[in-house]
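> structure of the sequence below:
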Amino acid sequence: MNTNYAKYKELDKEIDSLFEEKKYEEAISKLESSYDQFPEYDFQLKVYTLYCSRENKNYKKCLDLLYEGLSKGYFYGLKWEGWDPMKEFPEWENILEKNNENRALVEKNSKMEYKVLTPAEYDKNSAYPLFMILHGDGNGCNIEDFSKEWRADILLSKGFVVSYVQSSQPECTGGFGWTSDYEKTRKEIAEAYNKIIDEHSIDRERVILGGFSGGSMASLNVLMNNTIPLKGIMALCPNETDDCTEKNIQKAAERGSRMVLLEGEKSDEVPFHLELMKSAEKFNMPAIYLINKNTGHNVPKEFNDIINKAVDFIFS
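The predicted model follows:
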């Protein structure tokens, strides 16, 4: 592993812990002292500083950071409600306009991408289960970064063909998202699926779609719309999504699909999860809800046992 990347990830974990503990000033101090050490992660470090400053209600610092980033060609996911307090500032409209300009430059050439990994003993004459993994929405949400968070090792050892799919929809600099346009999202996931089954030997009755945050919402949306044939989904930290109606849940249950929902112990309770589980029970859809210990809205550090449990449940 790249030494500087390993050191950066250590800092990243430390900042996550400080953020969860609401020690925003301490996090900002550590971040600012690290800018020169990690120039290649300038955007990521400044975004973390932005988030901490926003939670600390230091909106003047946020504006300065945004202007600095926008001047470098960066753009941000400013649609989320966490930014609402800043809408009162007269500079906000100018920031949004420049942000949209920078995003449009990237969007012109953006396209769906995917990466496929095969088991060590892969044989084109055998049929393999497929696990498709979707990143979240926003910072670090791309194949390169997310494949280091949601690792494929355990799935490959269980005989899966594993694919990472990257949306064409830019959310911020270096990050993409699924939830701005669900119709486009479904088309892109279907396109990736069709290419993968054309290029690899896949058991089409054993396909799982997994995702984190916005990717888990996309997984639910694909399941509810029967976009591709799925044995089940593994949805890590989803929020409410379009099309999770009782009618669609009933149809998914009738198709024999299964659902695994997961959330972090340190996250706020998500009423949508409980409603979804009630609907699954009502229509006899096999579903389990797992709480990841000692983590929040992120991919758990110890994820292999959870993946094992989810896959065993979906294929049981």
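
> from here on, just use CA atoms for contacts and neighbour counts.
Will do.

> for stretch 104-115, list the C-alpha coordinates in CSV.
Output in CSV follows, covering the C-alpha atoms of stretch 104-115 (Å, rounded to 0.1, in the frame of the first residue of the first chain):
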residue,chain,number,x,y,z
ALA,A,104,-20.8,21.1,-15.7
LEU,A,105,-17.2,21.0,-17.0
VAL,A,106,-16.8,17.5,-15.4
GLU,A,107,-20.2,16.3,-16.3
LYS,A,108,-19.6,16.8,-20.0
ASN,A,109,-17.2,13.9,-20.2
SER,A,110,-18.4,11.8,-17.3
LYS,A,111,-19.6,8.2,-18.0
MET,A,112,-20.5,5.1,-16.1
GLU,A,113,-17.5,2.9,-15.3
TYR,A,114,-17.1,-0.6,-13.8
LYS,A,115,-14.4,-2.9,-12.6
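
> pull out the buried positions in it.
Buried residues in stretch 104-115, counted by 16 or more other CA atoms under 10 Å: 106, 112, 113, 114, 115.

> out of those residues, list just those in strands.
Among the buried residues of stretch 104-115, the members falling in strands are 113, 114, 115 (criterion: DSSP state E).

> all strands for the stretch 1-150 of the chain, in order.
Applying DSSP state E, counting those that start in this stretch to the stretch 1-150 of the chain gives strands spanning 113-117, 128-134.

> what comes into contact with the first one?
The set of residues that contact strand 113-117 without belonging to it, under CA atoms under 8 Å, 6 or more residues apart in numbering, is 143, 156, 161, 162, 163, 164, 165, 166, 167, 168, 192, 196.

> mind listing what it pairs with, with the direction of each?
Its sheet considered, strand 113-117 pairs with strand 161-166 (antiparallel) by DSSP bridges.

> tell me the first helix or strand C-terminal of the partner strand.
Next along the chain after strand 161-166, taking DSSP states H and E as the criterion, comes strand 170-172.

> what number of residues lie near residue 226?
Here the count is done by other CA atoms under 10 Å, and residue 226 has 15 residues near it.

> that one - nearest residue in space that isn't next to it in sequence?
Nearest non-adjacent residue to residue 226, counting by CA to CA, 6 or more residues apart in numbering: residue 252, 7.5 Å away.

> re earlier: of the buried residues of stretch 104-115, the lowest pLDDT goes to which?
The member of these with the lowest pLDDT is residue 106, at 95.

> if I follow the layout properly, residue 217 ends up in contact with residue 241?
Yes. Taking contacts as CA atoms under 8 Å, residue 217 lies within contact range of residue 241: 5.8 Å.
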